[in-house]
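Novice: Sequence plus predicted model, see below.
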Amino acid sequence: MRETLVESLYASPRSLIIGALTSSAITATVSIVSGDRAMVICAIAIAIVACIRIADAVRLELRVPKRATPNKAPGRRREIVYRVGALCYSALLGTFGLLTLLNTSDGVLQLLAVTTTIGYAAGIAGRNAGRPWIALAQLCCASLPLAVGLIVSFDVLKIVLAVVIILFVVAMMDITLQTYSVILKATLASREKAALAEHHAAIARRDDLTGVANRTAFRERFEARLRALDGGSQWLAIHWIDLDRFKEINDSFGHLAGNALLVCIAGRLDEAFGNAGIVARLGGDEFAVVCEIEHRDAANSIGHRIIELVERPVDHDGRLLRVGASLGIAIAPADGADADTLLKNADLALYRAKDTGRGRMCFYEPLMDEKVQRSRDLALELTGALERGEFHVMFQPIFDLAGERILSCEALLRWTNRRHGPILPAEFIPIAEDNGLIVAIGGWVIREACKAASEWPGDVQIAVNLSPIQLRSANLPMVIMGALAASGLPAERLELEVTESVLLDDIDASLAALNAINRLNVRTTLDDFGTGYSSLSYLTKFPFQTLKIDRSFITDLDQSPASVAIVQTVIELAAKLGMRTVAEGIETQAQLDQLRRTRCDAVQGFLLARPISASMVTSMLAGSRLEANGRS
């Protein structure tokens, strides 16, 4: 504020220069005409001070016409310089007027001296109103000596003029203070408006939830860092971060838990890298960290540090929330000189990292573009694929051990894309899980499977696979009940399959979800049994009714005694625990013959039947019924 008001003193250097030149010229003329030595000396002093003030004003006009950043110390020095010059100049003008009134009797000279001084006094009342005490002091220094000179003359008219001058001074003081009040209010309003605009600009560049830089601020600061690179030994590494399993946190515990997790992770990253680098939230569960590095290994170390910070659990509402991080890394200028190229390459590296598994980081390499671009294209195509009707469901029959009667059918999701044609489930399902689309797609599969099974005989069941995200979705029971109600399918004819990997992440949440399913009288199946790390413990902890033996044990069943022993042991254990067993992946007659020597309940595989449409299942079931009736 003070700096702004001091600036107003120098706001009009032209008026200062004109006033100084005219006053100096008039005082010089009056002193020369009068021939009075004291007046000549005073006029010379006025001219000297005028030149100094003109030089000061011109110097500031040329060097710092407008200060970008206020600085208190220079502002005070400039005010002192101005005050000393102004008071000296006004005091000399007042003294010159007093000398003129006392030492000369020429009315014209006295008139010139008085009018010059009064005119100066009137001008400074408005010109210096930004610093009122300087203006008031100048008024007194210039005008009061004139009043004294007029009064000591003991001339009635001059005494009247002295009184008028004194009243003039009082009036000018009031005008100056009023003008100062107006200037002060206007300056305060301007300052508040500027501060508010600056505050809004800062908010517009900060992420509302986490407080770190948002995408706009990140882009600006990142481009500034790129411009500052000297092309020497300093490099710039951008780590593009995507949180693993974050959507599961939102689906299982709600958005408040997800928000708390994001805030905590952003705080950790900002504390670790915010001072020397850039930390930003780019949207959703994506973050970016930019740091200056001297070698590639430093970027690798930073990546490991980021993963370690993200993986630390977050305590929220009595729960420990855990996520991981996948990182894509691009380095400037090696991987690109401009922001667009570097961001694109970091994004490609991130897709490669996510494609190779969670908790990984990957440096950008030119050869990765094609594969990652396909994954990105498929991710874009998945959005809206359900609405476009690109998905369909196939059904693979599950037979009794004799291979004669269909006990159940497994629903298998298929996708035929408008651009890429048929896409394998192993390729598009992980993408759907990462994008959070699997919940909607999985719900659609359950509804379609129930609808198809409702047309089949009452002793044939339908099995549907659940993804980890879908299992922990809060609305899964509602989806199941809605599908059963819409199709009229009895709950006991529906089986939902989960893999062991689903159970590894959060045992409590998985157990709660499976119990909720069983309470609906819907059966649950442990799929791919034998591929996990704690398989036997699952049999006692989780409420499964059916066990599917993984195809890896079936493949060598006709050649490996160890596989035979394992399969036989699993079947006997399941029978003692009251669970049915299904052997999947039967592709040869020898495998089927070996299984028939066990107590396995059902078999499934290409040897018996490949995935077929719902109408073909209906026809197959009808044919089996006719054949059975014919034999009877």
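Specialist: Looks like it came in fine. Numbers count the residues shown, from 1 in each chain.

Novice: what's the distance between Ala288 and Pro397?
Specialist: Per CB to CB, to the nearest Å, Ala288 is found 50 Å from Pro397. In this view, the C-beta of every residue, glycine as well, is placed from N, C-alpha and C.

Novice: Keeping just the C-alphas, turn stretch 477-488 into CSV.
Specialist: The C-alpha trace of stretch 477-488 is given here as CSV (Å, rounded to 0.1, in the frame of the first residue of the first chain):
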residue,chain,number,x,y,z
PRO,A,477,-26.5,-58.3,-4.4
MET,A,478,-29.0,-55.9,-6.0
VAL,A,479,-27.7,-56.8,-9.5
ILE,A,480,-28.1,-60.5,-8.7
MET,A,481,-31.6,-60.1,-7.3
GLY,A,482,-32.6,-57.9,-10.3
ALA,A,483,-31.4,-60.5,-12.8
LEU,A,484,-33.2,-63.3,-11.0
ALA,A,485,-36.4,-61.4,-10.7
ALA,A,486,-36.3,-60.3,-14.4
SER,A,487,-35.7,-63.8,-15.7
GLY,A,488,-37.7,-65.8,-13.2
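
Novice: what comes into contact with that stretch?
Specialist: 443, 446-447, 449-451, 453-454, 473, 489-491, 494, 496, 516-517, 520, 522 (CB atoms under 8 Å, 6 or more residues apart in numbering).

Novice: Mind doing that once more with 6 Å?
Specialist: Here stretch 477-488 makes contact (CB atoms under 6 Å, 6 or more residues apart in numbering) with 443, 446-447, 450-451, 454, 491, 516, 520.

Novice: Using CSV, please lay out those together with pLDDT, secondary structure and distance to Asp508.
Specialist: Shown next, in CSV, are those (pLDDT from 0 to 100; DSSP: H, G, I helix; E, B strand; the rest coil; distance: CB to CB, whole Å):
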residue, pLDDT, secondary structure, distance to Asp508
Gly443, 96, helix, 24
Ile446, 97, helix, 24
Arg447, 97, helix, 29
Cys450, 97, helix, 29
Lys451, 96, helix, 33
Ser454, 95, coil, 34
Ala491, 96, helix, 25
Ala516, 93, helix, 13
Leu520, 95, coil, 20
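
Novice: so which of those residues is the most crowded?
Specialist: Ile446 (26 neighbours; other CB atoms under 10 Å).

Novice: so which strand or helix has the closest residue to that one other than its chain neighbours?
Specialist: Nearest residue to Ile446 in three dimensions, chain neighbours excluded: Ala483, at 4.7 Å (CB to CB, 6 or more residues apart in numbering). Here Ala483 sits within helix 476-487, counting by DSSP states H and E.

Novice: What residues sit buried inside that helix?
Specialist: 476, 479-480, 483-484, 487 (16 or more other CB atoms under 10 Å).

Novice: Check stretch 44-55 too.
Specialist: Buried residues in stretch 44-55 (16+ other CB under 10 Å): 45-47, 49-50, 52-54.

Novice: What is the most widely separated pair among the residues you listed?
Specialist: Based on CB to CB, the longest span within the buried residues of stretch 44-55 runs between Ala45 and Ile54 and measures 14.9 Å.

Novice: Quick check, Trp415 in contact with Ala426.
Specialist: No: applying CB atoms under 6 Å, one finds Trp415 not in contact with Ala426, separated by 11.4 Å.

Novice: Neighbour count for these two, which is higher?
Specialist: Trp415 (23 against 7).

Novice: coming back round to it: among the buried residues of stretch 44-55, which ones are in helices?
Specialist: Among those, the members falling in helices (DSSP state H) are 45-47, 49-50, 52-54.

Novice: Hmm, which of those residues is lowest in pLDDT?
Specialist: The weakest per-residue confidence within these falls on Arg53 (74).

Novice: how about the nearest residue to it, chain neighbours excluded?
Specialist: Gly85 (4.6 Å).

Novice: Count the neighbours of that neighbour for me.
Specialist: 19.

Novice: wait, it sits on Cys51?
Specialist: No: counting by CB under 6 Å, Gly85 sits too far from Cys51 to count as a contact (10.6 Å).

Novice: quick revisit: secondary structure element holding the residue nearest to Arg53?
Specialist: helix 72-103.

Novice: I'd like the next helix or strand past that helix.
Specialist: helix 107-127.

Novice: hmm, who's touching that following helix?
Specialist: 23, 26, 30, 34, 93, 97, 100-101, 135, 138-139, 142-143, 146, 172, 175-176.

Novice: How far does it sit from its chain's centre?
Specialist: 64 Å (CA atoms, centre = their mean, to the nearest Å).

Novice: now the angle from that helix to helix 72-103?
Specialist: Interaxial angle of helix 107-127 relative to helix 72-103 (axes from the mean of the first three to the mean of the last three CA atoms, to 10 degrees): 160 degrees.

Novice: average pLDDT across whichever helix or strand comes after helix 107-127?
Specialist: As assigned by DSSP H and E, the chain's next helix or strand after helix 107-127 is helix 132-151. For helix 132-151, mean pLDDT rounds to 76.

Novice: counting contacts, what elements does helix 132-151 pack onto?
Specialist: helix 72-103, helix 107-127, helix 156-204 (3 or more CB pairs under 6 Å, 6 or more residues apart in numbering; DSSP states H and E).

Novice: measure Cys140 to Val310 for me?
Specialist: 71 Å.

Novice: Compare the two and say which is more crowded by neighbours.
Specialist: The neighbour comparison of Cys140 against Val310 (other CB under 10 Å) goes to Val310, with 25 against 18.

Novice: secondary structure element for that one?
Specialist: helix 296-311.

Novice: Show me what that helix is packed up against.
Specialist: strand 235-244, strand 324-332.

Novice: Just the C-alphas of the shortest one, formatted as PDB.
Specialist: Once side chains and other backbone atoms are set aside, the C-alpha atoms of strand 324-332 remain, and they are given as PDB (Å, rounded to 0.1, in the frame of the first residue of the first chain):
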ATOM      1  CA  GLY A 324      -0.200 -49.800  -5.400                       C
ATOM      2  CA  ALA A 325       1.200 -47.700  -8.200                       C
ATOM      3  CA  SER A 326       2.200 -48.200 -11.800                       C
ATOM      4  CA  LEU A 327       4.600 -45.700 -13.300                       C
ATOM      5  CA  GLY A 328       5.500 -44.600 -16.800                       C
ATOM      6  CA  ILE A 329       8.700 -42.600 -17.000                       C
ATOM      7  CA  ALA A 330       9.900 -40.300 -19.800                       C
ATOM      8  CA  ILE A 331      13.100 -38.200 -19.700                       C
ATOM      9  CA  ALA A 332      13.800 -34.900 -21.400                       C
END
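
Novice: For it, name the packing helices and strands.
Specialist: With 3+ CB pairs under 6 Å, 6+ apart as the test, strand 324-332 has strand 235-244, helix 296-311, helix 339-355, strand 361-363 packed against it.

Novice: starting at the chain centroid, how far to the longest one?
Specialist: Put plainly, it is helix 339-355. 17 Å.

Novice: now the shortest one
Specialist: Relative to the chain's own centre, strand 361-363 is displaced by 22 Å; criterion: CA atoms, centre = their mean.

Novice: three-state assignment of Ile566?
Specialist: helix (DSSP: H, G, I helix; E, B strand; the rest coil).

Novice: can you tell me which helix or strand Ile398 belongs to?
Specialist: With DSSP H and E as the test, Ile398 turns up in strand 391-400.

Novice: Thank you kindly, that will do.
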